[in-house]
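Novice: Got a sequence here, can you build the structure:
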Amino acid sequence: MQIRDRKIGPEHAPLVIAEIGINHGGDLDLARHMVTLAAKSGAEIVKHQTHFIEDEMTDEARHILPPNAGGKSIWEVMEQCALGAEEEVLLKTHAEAEGLIYISTPFSRAAADFLDEQGVPAFKIGSGEADHLPLIRHIAAKGKPIIMSTGMQEIESLARSVSILEDAGIDYALLECTNLYPSPPEVVSLKGVTELRNAFPNAVLGFSDHSIGPEMALASVALGACILERHFTDTRYRAGPDIACSMDPAELRHLIDRSREIHVALHNEKKRSEPEEAVYRFARTSVVADRDLPKGHEIKEDDIWGRRPGSGEISGQDFDEVVGKRVKRAVARNSQLRWSDLE
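Specialist: Residues are numbered from 1 along each chain as shown. Now for the predicted structure:
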């Protein structure tokens, strides 16, 4: 999978997406400030949310109170937090001036069309729209890569959505996700990364994290996650529905660095590395006499033992091969044995 010039997959370092989302609370200057901090922290890509409310919701949304919205309706939250179209153009321009890739989640047809007109290189589909088949079909028809979160879904319910992506012939990624803000370990599914891989082998895998701290996202890398997405804020000492599960600049840098280290280690084969050789020479054991052995003595198991350093000719690994042989010369206790001493 590739978004602009960034290749994404098991052979590449994990892509960490800093989701600005609606953490700016509708303040363009604050949104730009968050983008700048993300860039300084080493981010490659930032993600926004594009809300054109009239095309996204009906009036019933004025009476729906999300659990993390402080008593406000979902309509009120988005009305307060969404940027206007002109403001989003300015935010995208700013992000690209900072050297970042800018993508966004469209929550409606109008939002998807707007983002396409602005030339975004990929689309994000949120968990809430992961079973919105007509919207997925509308976005997929634009022929750009799609990253889709899979929170609140099961493998069976995802099958039709994934079928649309595959029929469109586009690159796509599926992110394991739990839509609880924040998500405690009791409801986070790291196993979901493996289950997505088994069910949808053509998908790039990722993890959209709403837990507190970087541990779950980092653990997902060892399971094959190639994309890590977390909400991002300049500071957690700020009000907002997604702030509790957001990372700050220091945590973003930590997530980028540690995920890359895990990715490197994930591809190292199980073998003794070159730097370990010096350690191995003293850390391994050599077979030694555990008592004075006279010439011609037939060695029994309790006559010998393995002791450091490993500079001896016979390693502790060959202990059993020494038993039953006779010594050609007298050997003092704790002397390292050599093959030439044995017959």
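Novice: Identify, by residue count, the longest helix of this protein.
Specialist: Determined from DSSP state H, the single longest helix within the chain is helix 249-266.
Novice: buried sites along that helix?
Specialist: Pro249, Glu251, Leu252, Arg253, His254, Leu255, Ile256, Arg258, Ser259, Ile262, His263 (16 or more other C-beta atoms under 10 Å). All C-beta atoms are positioned from the backbone trio N, CA, C, and that covers glycine.
Novice: nearest to Asp320, of these?
Specialist: Using C-beta to C-beta, Ile262 comes nearest to Asp320 of these, at 38.5 Å.
Novice: so who does that closest one touch?
Specialist: Pro14, Leu218, Val221, Ala222 (C-beta atoms under 8 Å, 6 or more residues apart in numbering).
Novice: Check Val288 too.
Specialist: Ile304, Trp305, Gly306, Arg307, Gly312, Arg333, Asn334, Ser335, Gln336, Leu337.
Novice: same question, Ser340
Specialist: Applying C-beta under 8 Å, 6+ apart, the residues contacting Ser340 are Lys328.
Novice: What of the one 3 residues further on?
Specialist: Glu343 sits next to Lys325, Arg326, Lys328 when contact means C-beta under 8 Å, 6+ apart.
Novice: Could you do Glu44 as well?
Specialist: Shown in contact with Glu44 (C-beta under 8 Å, 6+ apart): Arg6, Leu15, Val16, Leu100, Ile101.
Novice: what's the burial count for the closest residue to the last one other than its chain neighbours?
Specialist: In other words, Ile101. In this structure, Ile101 finds its nearest non-sequential neighbour in Ile45, 4.2 Å apart by C-beta to C-beta, 6 or more residues apart in numbering. If you count neighbours by other C-beta atoms under 10 Å, Ile45 ends up with 24.
Novice: and the gap between Ile45 and Val264?
Specialist: 20 Å (C-beta to C-beta, to the nearest Å).
Novice: ok, the contacts of Glu44 vs Ile243, which is closest?
Specialist: Val16 (18.7 Å).
Novice: can you pull up the bridge partners for that closest one?
Specialist: Leu228 (DSSP bridges).
Novice: so it makes contact with Asp257?
Specialist: No: between Val16 and Asp257 there is no contact under C-beta atoms under 8 Å: 9.7 Å.
Novice: domain assignment for this protein?
Specialist: For the chain, automatic domain parsing gives the domain ranges 10-266, 276-341.
Novice: how close does Glu195 get to Met148?
Specialist: 15 Å.
Novice: of those two, who's got more company?
Specialist: Met148 (28 against 14).
Novice: any idea where the helices of this structure begin and end?
Specialist: 28-40, 53-56, 74-81, 85-97, 109-117, 133-140, 155-167, 191-199, 215-222, 249-266, 276-283, 319-322.
Novice: Nearest to Pro67, out of the ones you listed?
Specialist: Per C-beta to C-beta, nearest to Pro67 of those: helix 74-81, 10.7 Å.
Novice: Now find how far off-centre that closest one is within its chain.
Specialist: Offset of helix 74-81 from its chain centre (C-alpha atoms, centre = their mean, to the nearest Å): 30 Å.
Novice: Which residues does that helix contact?
Specialist: Contacts for helix 74-81 (C-beta under 8 Å, 6+ apart): 22, 24-26, 51, 53, 56-57, 59, 61-62, 64-66, 69, 72, 240-241.
Novice: Among those, the buried ones, what's the PyMOL command?
Specialist: Selection of buried members from the contacts of helix 74-81 for PyMOL, criterion 16+ other C-beta under 10 Å:
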select buried, resi 22+24+25+26+51+53+56+57+61+69+240+241
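Novice: show me the contacts for the residue nearest to Ile101.
Specialist: Contact partners of Ile45, counting by C-beta under 8 Å, 6+ apart, are Ile3, Arg6, Leu15, Val16, Ile17, Ala18, Leu100, Ile101, Tyr102, Ile103.
Novice: Name only those of these that count as buried.
Specialist: Buried among the contacts of Ile45 (16+ other C-beta under 10 Å): Ile3, Leu15, Val16, Ile17, Ala18, Leu100, Ile101, Tyr102, Ile103.
Novice: closest to Leu83 among those residues?
Specialist: Nearest to Leu83 among the buried ones among the contacts of Ile45, with distances taken as C-beta to C-beta, is Tyr102, at 12.6 Å.
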